[in-house]
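Peer 1: sequence and predicted structure, then a few things I'm wondering about:
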Amino acid sequence: MPELPEVETTRRGIAPHVEHREIVEVIVRQSRLRVPVPDDFNERLVGARFGTLARRAKYLLLPLEGETGASLIWHLGMSGSLRIARLGDLPKKHDHIDLVFDDGGILRYHDPRRFGFVDWLVDSAERDPRLARLGPEPLSAAFDGERLYQLSRGRRMAVKPFLMDNAVVVGVGNIYASEALFMAGIDPRRAAGRISLERYQHLAAAVREVLAAAITQGGTTLRDFVSGTGEPGYFKQRLNVYGRHGQGCRRCNGELRLVTLGQRASVFCPTCQR
């Protein structure tokens with residue numbers, strides 16, 4: 001599933017090719033996504049231009065210039081990707097939507113599992129029910145160890161699903177929660193309410209570090225978004241624990257263990273994480 005760094009990399013990759021360019025054609029090959037494509041999709045988009053693209057959690061926000069408060073909200077779901085193609089690049093299977101621009105560029109949406117969606121933002125990002133209750137962005141000043149500490153008091157749930165709760169902080173998915181907990185030396189099974197402020201400060205710093213590194217590393221592959229291949233241009237990152245159960249810990253060489261927390265697989269080092 002595309003995580004926050006992949007979505008941010010997507011925003012950065014497509015923005016120079018779609019911002020302030022006129023949309024001259026809209027092609028919807030498959031409208032039955034997780035949320036059906038709006039009936040007025042073509043009518044409102046043809047002749048319009050996108051302003052500056054934004055991201056909130058794992059949602060991409062594409063505002064329309066000249067229409068106050070009018071924005072598309074786009075979620076990539078489990079398997080979706082947005083790519084830049086050119087006129088003449090033939091669509092492939094699962095290429096469901098094309099937005100064609102006046103310079104011949106195409107914003108192409110590819111989604112084999114169709115769990116993603118594109119819809120109109122309701123009112124504003126602060127009031128749209130899909131966004132209104134989200135916690136702060138992990139790279140913003142509103143997220144820190146003090147917030148984690150205060151919200152965790154009295155909580156018996158394991159710290160990993162607590163960290164992955166979008167009401168606590170957005171965009172810390174399974175991969176990055178596992179990696180941040182390893183960096184902070186915290187056992188993902190430990191009760192959230194039994195972790196000290198000092199350790200939460202280390203965890204918040206680890207979250208910021210791992211996400212910032214992933215976004216920076218993703219930025220080196222932005223050229224991959226200018227392609228008609230339909231394959232995601234996401235980066236490959238050297239992971240310390242995620243997907244490595246049964247292998248040796250990079251710190252102590254002890255065997256990494258696999259447990260299930262909140263119905264998600266969690267890999268950790270029982271020696272380095274306490």
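Peer 2: Good, I have the coordinates.
Peer 1: going by C-alpha atoms from here, please, whenever you check contacts or count neighbours.
Peer 2: OK.
Peer 1: now the strands for the stretch 101-250 of the chain?
Peer 2: Taking DSSP state E, counting those that start in this stretch as the test, the strands found in the stretch 101-250 of the chain are 105-110, 117-120.
Peer 1: ok, residues contacting the first one?
Peer 2: The one in question is strand 105-110. Strand 105-110 is contacted by residues 14, 17-18, 80-87, 94-100, 230 when judged by C-alpha atoms under 8 Å, 6 or more residues apart in numbering.
Peer 1: one more time with 7 Å
Peer 2: With C-alpha atoms under 7 Å, 6 or more residues apart in numbering as the test, strand 105-110 has contacts from 80-87, 94-100, 230.
Peer 1: how about stretch 196-213: buried residues?
Peer 2: Across stretch 196-213, burial judged by 16 or more other C-alpha atoms under 10 Å covers 199-208, 210-211.
Peer 1: can I get those in CSV including distance to Val168 and pLDDT?
Peer 2: Shown next, in CSV, are these (distance: C-alpha to C-alpha, whole Å; pLDDT from 0 to 100):
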residue, distance to Val168, pLDDT
Arg199, 17, 98
Tyr200, 13, 98
Gln201, 15, 98
His202, 16, 98
Leu203, 13, 98
Ala204, 12, 98
Ala205, 15, 98
Ala206, 16, 98
Val207, 13, 98
Arg208, 14, 97
Val210, 18, 93
Leu211, 16, 93
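Peer 1: between these, which is closest to Leu151?
Peer 2: Within these, proximity to Leu151 (C-alpha to C-alpha) peaks at Tyr200, which comes in at 11.0 Å.
Peer 1: before we move on, the earlier item: who wins on neighbours among the contacts of strand 105-110?
Peer 2: Within those, Leu82 tops the neighbour count with 27 neighbours, counted by other C-alpha atoms under 10 Å.
Peer 1: how many neighbouring residues does the closest residue to it other than its chain neighbours have?
Peer 2: Closest residue in space to Leu82, ignoring its immediate chain neighbours: Tyr109 at 4.7 Å, by C-alpha to C-alpha, 6 or more residues apart in numbering. Per other C-alpha under 10 Å, the neighbour tally for Tyr109 reads 24.
Peer 1: poorly predicted segments of the stretch 1-150 of the chain, please.
Peer 2: Applying pLDDT under 70 to the stretch 1-150 of the chain flags residues 1, 68.
Peer 1: can you give me the helices for it?
Peer 2: Applying DSSP state H, counting those that start in this stretch to the stretch 1-150 of the chain gives helices spanning 4-18, 41-45, 145-152.
Peer 1: pretty sure Arg113 is touching Ser79, no?
Peer 2: Yes - taking contacts as C-alpha atoms under 7 Å, Arg113 lies within contact range of Ser79: 6.1 Å.
Peer 1: which of the contacts of strand 105-110 sit farthest apart?
Peer 2: Farthest apart among the contacts of strand 105-110 by C-alpha to C-alpha are Gly80 and Leu87. That separation is 21.1 Å.
Peer 1: and the strand or helix carrying Leu258, what does it pack against?
Peer 2: Taking DSSP states H and E as the definition, Leu258 sits inside strand 257-261. If you count contacts as 3 or more C-alpha pairs under 7 Å, 6 or more residues apart in numbering; DSSP states H and E, strand 257-261 packs onto strand 264-268.
Peer 1: Val168 and Pro138 touch, don't they?
Peer 2: No - with contacts counted by C-alpha under 7 Å, Val168 stays clear of Pro138, the gap being 9.6 Å.
Peer 1: OK, contacts around the nearest residue to Arg199 once chain neighbours are set aside?
Peer 2: Using C-alpha to C-alpha, 6+ apart and skipping the chain neighbours, the partner closest in space to Arg199 is Ala184 (7.4 Å). Applying C-alpha under 7 Å, 6+ apart to Ala184 gives the contacts 202-203, 206.
Peer 1: rerun at 8 Å
Peer 2: With C-alpha under 8 Å, 6+ apart, Ala184 has these contacts: 199, 202-203, 206, 273.
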